[in-house]
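Q: Provided below are the primary sequence and the corresponding predicted coordinates.
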Amino acid sequence: MPEFLKLTAPDEALKRFMSHLPAAQPRRETLPVLEAAGRVLASDVYALEALPSFRRSTVDGFAVQASSTFGASDSLPIYMNVVGESQMGAEPNFKVGKGQAAVIHTGGMLPEGANAVVMMEYTQEARAGEVEVQRAVSVGENVIEPGEDVKPGELLLEAGKELSPAVVGGLMSQGIAEVEVVKPPRIGILSSGDEVVDPLQVPLPGQVRDVNSYSLSALVQRFGGEPVRFGISSDREEDMRARARSAMDACDALVITAGSSASVRDLTARILAEMGEPGVLVHGIRIRPGKPTILAVCDGKPAIGLPGNPVSALVVGSLFIKPMIYHLTGRKTTVPVAYLQARLSTNTPSQAGKEEWFPVSLRQDERGWIAEPIFYKSNLIFALAKADGLIRVPLDANGLEAGQVVEVYFL
Ligand SMILES: Nc1nc2c(c(=O)[nH]1)N[C@H]1C(S)=C(S)[C@@H](COP(=O)(O)OP(=O)(O)OC[C@H]3O[C@@H](n4cnc5c(N)ncnc54)[C@H](O)[C@@H]3O)O[C@H]1N2
Ligand code: MOO
């Protein structure tokens, strides 16, 4: 059978696609920090103040001058005068001198003169106004210095960093209540096919509900984009062209599903080729599922033509939509992708010369995680919906063997 498409290796396809994208020019907006959680910072954030702002204790105990405790032990305790208590949330109005101690609580401010804290466990009440210290402490022990976490003026967070829960907390610790973040890029999503109908409709014989517009919208949201659905195009070239044009004009990128392979009714490549320079960069990838995928850049905007089969659309979509959205948001991508190592439960055959992806379900035994491949047809969404993750059989491999350690990726 003749091969209709000129197939490109997945890595090369991604490289070619990304290298044709112009530098990102993300739109910005200022939001209250909590509303911005999960978004990407649009500008660098500098420290306004030192953190912590005062010298504080990390334990409950007694604030002292370290030198006063030297030589103290269980058998030879040192007696000290208790000169006060550091009240939480207030600056102590007394000093700690040689041979003196002050009651202090975790997070309390050290009184002037004190430079260490003895943990309560190593002290005992002696006579009224006196404490028995049974352990020596060194200077700075059980104390956090002002500015130990953050120095004023220091670069705290770089543009492109995601607002994780820790970043949200960090910003609030500086009293920063609003941040400039990247507006989610708008990703136009267009389904196509005469047989595809709205999911709320009852399909007639031969019709299928539109799965892809919705599964891909969820994928776009997960990676930080704003999905904008442009309905279902018929297989008429004028209809598809008009919808693709308006989607591209209104959005920062376009994803079309179906019509990607090489039969006469597969219009996507033709339409994308006409939509601007340089046009189609890749049509056909050495991958299963998803061989007929199209990658294009049209007058500076990326466009992806995904296969109509729902599993293919999602698997390949995650490989190319994610880096595309990360690029559009100016997101830093230096951190490696998280995956789980698991042992393969059964031999998994694959054709050398094609990178193959299999959904897997995960279970655990006493030696760790086991990945059970799900053998599937790419038209059937529940093969993927029921899976816990995906494994990759590399391009040059003739399958994987039972017991082999694999990396499980999560969609
Ligand atoms: N002779 C060949 N035929 C096919 C080849 C090939 O190499 N030679 N490749 C196959 C592969 S692999 C795939 S993938 C599909 C790709 O087809 P298209 O992208 O052109 O998509 P369609 O043919 O229109 O649809 C495929 C399948 O998916 C269903 N579909 C489409 N859109 C949706 C949607 N939004 N939601 C749910 N399901 C959808 C559609 O009804 C078809 O069943 O080509 C193979 N053929
Ligand atoms: O590659 Mo098709 O995407 O196998 O179903």
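A: Sure thing, it's come through. Ligands and ions are numbered 1, 2, ... in the order given.

Q: and the end-to-end length of stretch 216-228?
A: Taking CA to CA, to the nearest Å, stretch 216-228 runs 10 Å from one end to the other.

Q: can you list the strands that the helix or strand where residue 391 lies pairs with?
A: Assigned by DSSP states H and E, residue 391 belongs to strand 389-393. Neighbouring strands of strand 389-393 in its sheet, by DSSP bridges, are strand 355-365 (antiparallel), strand 405-409 (antiparallel).

Q: could I get these as JSON lines with mean neighbour count, distance to residue 146 and mean pLDDT?
A: All C-beta spots, glycine's among them, are computed from the backbone N, C-alpha and C. What follows is the strands paired with strand 389-393, written out as JSON lines (neighbours: other CB atoms under 10 Å; distance: least, CB to CB, whole Å; pLDDT from 0 to 100):
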{"stretch": "strand 355-365", "mean neighbour count": "18", "distance to residue 146": "47", "mean pLDDT": "97"}
{"stretch": "strand 405-409", "mean neighbour count": "17", "distance to residue 146": "44", "mean pLDDT": "96"}
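
Q: okay if I get these as CSV plus distance to residue 135?
A: As requested, these are exported to CSV (distance: least, CB to CB, whole Å):
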stretch, distance to residue 135
strand 355-365, 44
strand 405-409, 48
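
Q: just to revisit the earlier point, so what touches the strand holding residue 391?
A: Here strand 389-393 makes contact (CB atoms under 8 Å, 6 or more residues apart in numbering) with 315, 340, 344, 348, 350, 355-360, 362, 371, 373, 399-400, 406-411.

Q: show me this structure divided up by domain.
A: Listed domain ranges for the chain are 10-27+183-329, 31-49+150-182, 56-144, 339-410 (source: automatic domain parsing).

Q: check contacts around the closest residue in space to residue 206 that isn't next to it in sequence.
A: Using CB to CB, 6 or more residues apart in numbering and skipping the chain neighbours, the partner closest in space to residue 206 is residue 195 (5.9 Å). Applying CB under 8 Å, 6+ apart to residue 195 gives the contacts 206, 207, 208.

Q: pretty sure the last one sits against residue 196.
A: Yes. The pair residue 208 and residue 196 qualifies as a contact (CB atoms under 8 Å) at a distance of 5.9 Å.

Q: the more surrounded of the two?
A: residue 196 (24 against 14; other CB atoms under 10 Å).

Q: before we move on, back to that, just so I know, which of the strands paired with strand 389-393 lies nearest residue 161?
A: Taking CB to CB, strand 405-409 is the member of the strands paired with strand 389-393 nearest to residue 161, at 22.7 Å.

Q: show me which residues of the stretch 251-400 of the chain sit near ligand 2.
A: 288, 289, 290, 291, 307, 309, 312, 378 (CB under 6 Å from any ligand atom).

Q: buried residues, the strand holding residue 391. List them.
A: 389, 390, 391, 392, 393 (16 or more other CB atoms under 10 Å).

Q: which residues are in contact with the closest residue to residue 70 other than its chain neighbours?
A: Take residue 70 and drop its neighbours on the chain: the residue closest to it by CB to CB, 6+ apart is residue 136, 5.3 Å away. For residue 136, the contact set (CB under 8 Å, 6+ apart) comprises 66, 69, 70, 71, 72, 73.

Q: what about the residue of the stretch 151-300 of the chain found nearest ligand 2, distance to residue 358?
A: Nearest residue of the stretch 151-300 of the chain to ligand 2 (CB to the nearest ligand atom) works out as residue 289 at 3.5 Å. The gap separating residue 289 from residue 358 is 10 Å, by CB to CB, to the nearest Å.

Q: and residue 115, how far from residue 180?
A: For residue 115 relative to residue 180 (CB to CB), the value is 41 Å.

Q: likewise residue 36?
A: Taking CB to CB, one finds residue 36 at 9 Å from residue 180.

Q: ok, those two, which is more surrounded?
A: Taking other CB under 10 Å, residue 36 and residue 180 do not tie; residue 36 has more neighbours (22 against 16).

Q: nearest spatial neighbour of that one, skipping sequence neighbours?
A: Residue 36's closest residue in space is residue 181 (CB to CB, 6+ apart), at 4.7 Å.

Q: quickly find the element holding the one you found.
A: Going by DSSP H and E, residue 181 is part of strand 178-182.

Q: buried set for that strand?
A: So, applying 16+ other CB under 10 Å, buried residues of strand 178-182: 179, 180, 181, 182.

Q: what's the answer for stretch 73-83, then?
A: 77, 78, 80, 82, 83.

Q: and what of stretch 122-132?
A: In stretch 122-132, counting by 16+ other CB under 10 Å, buried: 122, 123, 131, 132.

Q: the second one and residue 130 touch, don't they?
A: No. Contact status for residue 123 versus residue 130: not in contact, 10.6 Å apart, counting by CB under 8 Å.

Q: returning to what we had before: any chance of JSON lines for the buried residues of stretch 73-83, columns secondary structure, pLDDT and distance to ligand 2?
A: Below are these laid out as JSON lines (DSSP: H, G, I helix; E, B strand; the rest coil; pLDDT from 0 to 100; distance: CB to the nearest ligand atom, whole Å):
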{"residue": "77", "secondary structure": "coil", "pLDDT": "97", "distance to ligand 2": "77"}
{"residue": "78", "secondary structure": "strand", "pLDDT": "97", "distance to ligand 2": "77"}
{"residue": "80", "secondary structure": "strand", "pLDDT": "98", "distance to ligand 2": "77"}
{"residue": "82", "secondary structure": "strand", "pLDDT": "98", "distance to ligand 2": "76"}
{"residue": "83", "secondary structure": "strand", "pLDDT": "98", "distance to ligand 2": "77"}
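
Q: nothing else from me, thank you.
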